[in-house]
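Trainee: Take this sequence and fold it.
(one chain, ligands or ions: 1)
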Amino acid sequence: MEYFKNFINGEWKDSKSGKHTENRNPANTEDLIGYFPASTKDDVNEAVSAAREAFKKWRLVPAPKRGDVLKVVGDIMLQRKDEISFEMTREMGKVFAETKGDTQEGIDTAYYAASEGRRLFGLNAPSELPNKMNLSFRIPIGVGGIITPWNFPMAIPTWKIFPALVCGNTVVFKPAELTPKTANTLVHIIDEAMKEVLGKDYIPGVVNLVHGSGRVVGECFLENKNIDFISFTGSTAVGKRINEVGGRELKRVSLELGGKNAQIVMDDANLDLALDAVLWGAFGTTGQRCTATSRLILHKNIHDKFLKMLTDRAAKLKLGYGNDKGVDVGPCVSESQRETVNDYVKIGLNEDKATLVIGGDYAKDGNLAKGWFYKPTIFKDVTPDMRIAKEEIFGPVLAVLKCSSLEESIDILNGTEYGLSSSIFTNNVNDAFKAVRDIQAGITYINGATIGAEAHMPFGGVKATGNGHREGGWTVYDFYSEWKAVYIDYSGKLQRAQIDNY
Ligand code: UN1
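Mentor: Coordinates of the predicted model:
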C-alpha cells in the first residue's frame, strides 16, 4: 500500500508526526487508496519558510515565463486527463464524465493563467503636472495559504494556485483530507512543469503541499505571520473564523462559502428543458456542489405536472461507482456527509413537516451497501421558512416550493442567507431580464441549470456566500496582486501635486 508524502521546498517528505490517515473509495470502502500524512504545525511552518525564501526569486521570474510554466501544466493535464479523472472518481465518488469536466476546468484555468502571464495589464493615467508620467502595475503579494474542498479536487485548487503563481506569489497548499491524491497529482504536475521550463534555474519551494486537518494545518496558516493571504473554499462557519482571525492579522482573505441555490420554472417555460436542468443541477455530483440546485420553485400552473415528470425521471437515476458505465449518481463523499443528509431528511419530515415524494433513505441494494450511497430525494409542500428550504445540505435532496408570480418566485429565491447561483426557466423575455436584475446571486442562468460555470468568468456569490471576491476569469487577478502606483518626474525640478497648479 502506498504511503504518500508532503512536498516541501522541492522535496517529497514524511510529516514530522510520522502519522497517517487513510483514504478510501466512497463507492466501495473496501478499496483503500493510500495513506496520507497527518501533518503538524512544524511541517506547515517549514513549508511557509520555504515559500517565503522561494518568493524572493519567483517574483523576479518574468510573468510571461511564469505563464509558460502554466502552459506546460495544462499540456500535461490534457495528456493525462482520463487517468487523473478516473482516480478522482475513485477518490471522491462523482461520475467519470463529471471528473473529466473537473479536470478540464483545471486545464482551462491553466491556459487562461498562461495567457495572463503576457497581460497582467497595468493602467496609466495622465499626471496633473507637466513633464511627469503616472503608471500603475500589478505586483505580487507574497506567500499564500490555499485551502480547498473535496467536491472539485482539481478545478478549485487550480482556480487559486494558478493565478497566484502567475502573479508571482508562492503558496502552501492544504487540500481536503478526503481528496489528497488528486492534490498530490496536481503538485507533481506543477513541479514537473517548473523543472521543464526553468531548467537549471529551478526554484524549490514555489509550491508546497501539506496534507492534514483544518484544525492543525489551516489554523497554522492563521497563526503564521509569513502567510500574507489565504484563499478558502468551504463551510460558512470555517470561513467566518478565517475572516475574523485573518482580518485581525491583516491577511488578505478570499472566501467561497455556502449556497442554497434555486431554479425557478415559470408556466411559459420549456418544461422538458427545465426537467433536464433540475435533474442535472440537483443530483449531479450527488448534490455536493456549492452551485447545486437544492430548491425548485415551480409556478402553481405547472406545479403538479412538472413534479410528476420530475419524480418519474428521478426514480430512474442509476446509482453506483462512478467509473462504471451507465451510472448517473455516485455516493456521498463520506459516512459523515451521508449522515448529515439523512439528518436533514429527518428534519424535513419531523420538524418541517414537508411531504417526501421520493427517496429519503440510504441506498443499500447489492454493491451499493459497500459505499455511502443515498437515494435521490425530493420533498414537496416546502415553504420558505422551513430548514430544508434555508440551510445548505450538500447532498441529493431537493426541496420543491410553489409560487404564483414572477415577483413571488424571486422573493422566495432571495429568501436565504446565501447568494451563489440561481436559475430561471421562462420564454418571456421581459421576465428573464427582470430576473437578471432582481435575483440576489453572483451567478444567474436563464434557461440553464444552476451548475456549470465556465472557468473564464467571475465565480462567487453575494451575502453569506463570500466576502466579495471572485474566482475565475480576469477578476481573480485582483485578489492575487497588489497595485503599485509609480510617478516619474522628468521636469528636473520639485513639482508639488495639489499645490503648484492650483
Ligand atoms: C463548487 O461547487 O464549489 O459551476 C464549484 C459549477 C462548477 C464549479 C462548482 N464549474 O458548478
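Trainee: use CA for all of it now, contacts and neighbours both
Mentor: Will do.
Trainee: domain assignment for the chain?
Mentor: According to automatic domain parsing, the chain is divided into the following domains: 6-257+466-486, 261-446.
Trainee: of the ones you listed, which approaches the ligand most closely?
Mentor: For the ligand, the closest of the domains of the chain is domain 261-446, at 3.5 Å, according to C-alpha to the nearest ligand atom.
Trainee: How many residues are close by residue 121?
Mentor: Counted with other C-alpha atoms under 10 Å, residues neighbouring residue 121 total 11.
Trainee: Pull the contacting residues for it.
Mentor: Residue 121 makes contacts with 137-138, as judged by C-alpha atoms under 8 Å, 6 or more residues apart in numbering.
Trainee: Same list, the domains of the chain, but as JSON lines with mean pLDDT and distance to the ligand please.
Mentor: Listed next are the domains of the chain as JSON lines, based on pLDDT from 0 to 100; distance: least, C-alpha to the nearest ligand atom, whole Å:
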{"stretch": "domain 6-257+466-486", "mean pLDDT": "98", "distance to the ligand": "6"}
{"stretch": "domain 261-446", "mean pLDDT": "98", "distance to the ligand": "3"}
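Trainee: Dump these into TSV; add distance to residue 453 as well.
Mentor: Shown next, in TSV, are the domains of the chain (distance: least, C-alpha to C-alpha, whole Å):
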stretch	distance to residue 453
domain 6-257+466-486	9
domain 261-446	8
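Trainee: looking at those, which is closest to residue 455?
Mentor: Nearest of the domains of the chain to residue 455, taken as C-alpha to C-alpha: domain 6-257+466-486 at 5.4 Å.
Trainee: So what would you say the end-to-end distance of that closest one is?
Mentor: 40 Å (C-alpha to C-alpha, to the nearest Å).
Trainee: ok, now stretch 49-68?
Mentor: Note: stretch 49-68 ends 25 Å apart using C-alpha to C-alpha.
Trainee: Just give me how far that stretch sits from the chain centre.
Mentor: Relative to the mean C-alpha coordinate of its chain, stretch 49-68 is positioned 25 Å out (C-alpha atoms, centre = their mean, to the nearest Å).
Trainee: neighbouring contacts of the host helix or strand of residue 407?
Mentor: According to DSSP states H and E, residue 407 maps onto helix 406-414. With C-alpha under 8 Å, 6+ apart as the contact definition, helix 406-414 has outside contacts at 261-262, 264, 266, 297, 299, 384, 403, 422, 431, 435, 438-440.
Trainee: how about a cut-off of 6 Å?
Mentor: Residues outside helix 406-414 that contact it (C-alpha atoms under 6 Å, 6 or more residues apart in numbering): 403, 440.
Trainee: which secondary structure elements does the following helix or strand past it contact?
Mentor: For helix 406-414, the succeeding helix or strand toward the C-terminus, using DSSP H and E, is strand 418-419. Judged by 3 or more C-alpha pairs under 6 Å, 6 or more residues apart in numbering; DSSP states H and E, strand 418-419 is in contact with strand 462-463.
Trainee: Just name whatever secondary elements the strand it packs on is in contact with.
Mentor: Against strand 462-463 (3+ C-alpha pairs under 6 Å, 6+ apart) you get strand 418-419.
Trainee: what's residue 233 in contact with, if anything?
Mentor: Contacts of residue 233 (C-alpha under 6 Å, 6+ apart): 148, 255-257.
Trainee: which helices and strands sit right next to the top helix by length along the chain?
Mentor: Assignment by DSSP state H gives helix 96-116 as the longest helix of the chain. Applying 3+ C-alpha pairs under 6 Å, 6+ apart, we find helix 96-116 packed against helix 63-79, helix 81-92, helix 155-166.
Trainee: right, so of those, which gets closest to residue 245?
Mentor: Among those, the nearest to residue 245 by C-alpha to C-alpha is helix 155-166 (20.5 Å).
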